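Enquirer: Here is my input; please provide its structure:
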Amino acid sequence: MHDRLLKDQVVVVGCGLAGLSAACVLAARGHRVVVLEKNDWLGGKAAVLEQDGFRFDMGPTILTLPSVLHRVFQEAGKRLEDYLHLVPLDPQWRCFFEDGGLLDLHADIATMQETLKTFTGDSQVAEGYGRFMAMSRRLHDVSERFFFWKSVGGIGDTLDTTGMFSAAVLKDVLSLRMGSSVASVVRSHLADPRTAQMVDHFTQYVGSSPSASPAVLCGIAHMQTQEGIWYPLGGTRAIPDALIKLAQELGVEFRMSCDVAQIRTAGNSVVGVELTSGEAIQAQAVVSNCDAVRTHRELLREHPAPSRLSRKRDIEPACSGVVLYLGLKERYEHLLHHNFVFSQSPDEEFEWIYQRGLPAPDPTCYVCAPAVSEPAVAPDGGEALYVLVHTPYLRPNHDWSQLLPEYREVILDKLERTAGLNGLRQRIVSEHSLTPADIHSRYRVLNGAIYGVASHGKYLGAFKSANRSPELKGLYLAGGAAHPGPGMPMVLMSGWIAADALDQDCQAV
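Expert: Modelled structure (predicted):
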């Protein structure tokens, strides 16, 4: 690959998973790529914390749709298996409910239906689950054909208007169930409230309320069960490490502790970036892996944000979260790798988070116990427990230095009461945490929102900022606040799309 003809320089601002994906694809297609990262590590939220003999993934922990990663490596003619060892996880989740119920999510639909018959004692719930998954498969298929792998900023970008009135296209449009929410569609198939709450939670991959999110997001369920959930040996951190290795082999230049002050423009074209040190770097194009809203507000101050990013109702941040990293001297044998400890009332929980803007008194807790799959994450017999609780995005009246100590107790009480983690406090020998304020400053995201912009709106809530800027020639956006949205596979796809759009535009010149 080293004898390839290099094209003009491209700057990638930010080295999260989307930035790494874009850099690898661009370099594989012959572009000279420089990646600028303000932090002293590469990989964005997919960072690692090593403390007292424990190793914690600090950010995302659930890997779905590994086909996206495969596609990035295939761009360079490489095999993902030569860079990363992925272990399948099934059951995919274990669910704990306040009434003592325990339900495992299986990838195989028939197995899951039998599990639901036993769990609920109602064969109709199992039949409803089968119908729901069939609908989810159709929604996933429509997304693959019209929504994924191209720059999309609105519904006009998704459909071929020349065939708008064909029976096939009309059927696809009707299948999207526009005007319906995830919660309403789920409950039209699943009358059992605990099963519905489990299925609702796919929407939490995008940090949004199921009652306010469009029904098309029900397709996430099939995406996960079709390709499975995987654990990379070495933890999630192994994913950026693999991408960094590939990028270096392709000649990508990385510069850390290198903060971008602004994206420089001439007229309506991008010409480079300027660092906080005053250094200017010329570029044919810029891929911003910063939050899309903050890119326009902070890095493009001379250019007003496009209307979709300037209207308050269109830029509601997704939720944030509190993360507790708990090093335990003894692990809990009844935990799976991935676990959800559910609130008693999802409606009340989401009202606190999304309407009141306050931490929920009875939260749902995601608990990752990776020693199940990789004992080396902790000293012998121990566990590197990762606990994530969704909270409102950061408000001016939130002082997390005051809120965290009390909310920590709420979380630990919930885990002991609902998940059977008896004596949890006594097992903790090492501890660290992140709050929404930490997330806001550490990752330069919008108001501490982990998942970018909320996917709220029953008609157009699934749409994010397009990856190719319609306002500025040479500007491309990647990451959770850009199309197709948050979550590991989606941000990796956003990087691929941004790189593909940029490369296509270069060939068209």
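
Enquirer: Low-confidence ranges, the protein, go.
Expert: By pLDDT under 70, the low-scoring segments of the chain are 1-7, 153-179, 302, 304-314, 458-462, 509.

Enquirer: List the contacts of residue 112.
Expert: Residues near residue 112 by C-beta atoms under 8 Å, 6 or more residues apart in numbering: 105, 106, 129. Where you see a C-beta, it was placed from the backbone N, CA and C, and this is true even at glycine.

Enquirer: ok, the last one to residue 17 distance?
Expert: For residue 129, the distance to residue 17 under the criterion C-beta to C-beta, to the nearest Å works out to 32 Å.

Enquirer: Could you check which of the two is surrounded by more residues?
Expert: Just comparing residue 129 and residue 17: by other C-beta atoms under 10 Å the higher neighbour count belongs to residue 17, 30 against 23.

Enquirer: How far does stretch 233-253 stretch from one end to the other?
Expert: Taking C-alpha to C-alpha, to the nearest Å, stretch 233-253 runs 26 Å from one end to the other.

Enquirer: wait, what's in contact with residue 490?
Expert: Shown in contact with residue 490 (C-beta under 8 Å, 6+ apart): 480, 484.

Enquirer: likewise residue 487?
Expert: Contacts for residue 487 (C-beta under 8 Å, 6+ apart) come out as 60, 64, 205, 206, 451, 480.

Enquirer: How about residue 235: what's its closest non-neighbour residue?
Expert: Sequence neighbours aside, residue 57 is the residue nearest to residue 235 in space, at 4.6 Å (criterion: C-beta to C-beta, 6 or more residues apart in numbering).

Enquirer: What's the separation between the one you found and residue 268?
Expert: Applying C-beta to C-beta, the value for residue 57 to residue 268 is 41 Å.

Enquirer: Then residue 206?
Expert: Relative to residue 268, residue 206 is positioned 32 Å away (C-beta to C-beta).

Enquirer: more neighbours, these two?
Expert: For residue 206 and residue 268, the more surrounded residue by other C-beta under 10 Å is residue 206, and the numbers stand at 28 against 12.

Enquirer: For that one, which non-adjacent residue is closest in space?
Expert: Once flanking residues are discounted, residue 206 sits nearest to residue 455: 4.7 Å by C-beta to C-beta, 6+ apart.

Enquirer: if I've got this straight, residue 35 is in a strand?
Expert: Yes - membership of residue 35 in a strand is supported by DSSP: H, G, I helix; E, B strand; the rest coil.

Enquirer: ok, the closest residue to it other than its chain neighbours - how many residues close by?
Expert: Leaving aside its chain neighbours, residue 35 sits nearest to residue 12 (4.5 Å; criterion: C-beta to C-beta, 6+ apart). Using other C-beta under 10 Å, residue 12 has 32 neighbouring residues.

Enquirer: next one: residue 126
Expert: Burial of residue 126 is recorded as 22 neighbouring residues (other C-beta under 10 Å).

Enquirer: Touching, it and residue 111? I think so.
Expert: No - using C-beta atoms under 8 Å, residue 126 makes no contact with residue 111, being 10.7 Å away.

Enquirer: Got phi/psi on residue 356?
Expert: Main-chain torsions, residue 356, degrees, to the nearest 10: phi -80, psi -20.

Enquirer: oh, and call the first residue 11 from now on, that's how I've got it
Expert: Sure, I'll start numbering at 11, so the last one becomes residue 366.

Enquirer: list the contacts for it?
Expert: Contacts here follow C-beta under 8 Å, 6+ apart; on that basis residue 366 touches residue 402.

Enquirer: Likewise for residue 486?
Expert: Listed by C-beta under 8 Å, 6+ apart, the contact partners of residue 486 are 32, 295, 296, 297, 298, 477, 478, 479, 508, 509, 511, 512.

Enquirer: Likewise for residue 31?
Expert: Applying C-beta under 8 Å, 6+ apart, one finds that residue 31 lies in contact with 82, 253, 488, 501, 502, 503, 504, 505, 506, 509.

Enquirer: Out of those, the closest to residue 272 would be?
Expert: residue 488 (18.4 Å; C-beta to C-beta).

Enquirer: Strands of the stretch 211-360 of the chain, residue ranges please.
Expert: Along the stretch 211-360 of the chain, the stretches classed as strands by DSSP state E, counting those that start in this stretch are 239-242, 263-265, 270-276, 279-285, 290-292, 295-298, 330-338, 348-351.

Enquirer: want to throw these into JSON lines with mean neighbour count and distance to residue 222?
Expert: Below are these laid out as JSON lines (neighbours: other C-beta atoms under 10 Å; distance: least, C-beta to C-beta, whole Å):
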{"stretch": "strand 239-242", "mean neighbour count": "22", "distance to residue 222": "26"}
{"stretch": "strand 263-265", "mean neighbour count": "15", "distance to residue 222": "39"}
{"stretch": "strand 270-276", "mean neighbour count": "19", "distance to residue 222": "32"}
{"stretch": "strand 279-285", "mean neighbour count": "18", "distance to residue 222": "35"}
{"stretch": "strand 290-292", "mean neighbour count": "14", "distance to residue 222": "41"}
{"stretch": "strand 295-298", "mean neighbour count": "30", "distance to residue 222": "27"}
{"stretch": "strand 330-338", "mean neighbour count": "24", "distance to residue 222": "17"}
{"stretch": "strand 348-351", "mean neighbour count": "23", "distance to residue 222": "20"}
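
Enquirer: Out of the ones you listed, which is closest to residue 107?
Expert: Proximity of the strands of the stretch 211-360 of the chain to residue 107 was assessed by C-beta to C-beta; the nearest stretch is strand 348-351, lying at 8.5 Å.
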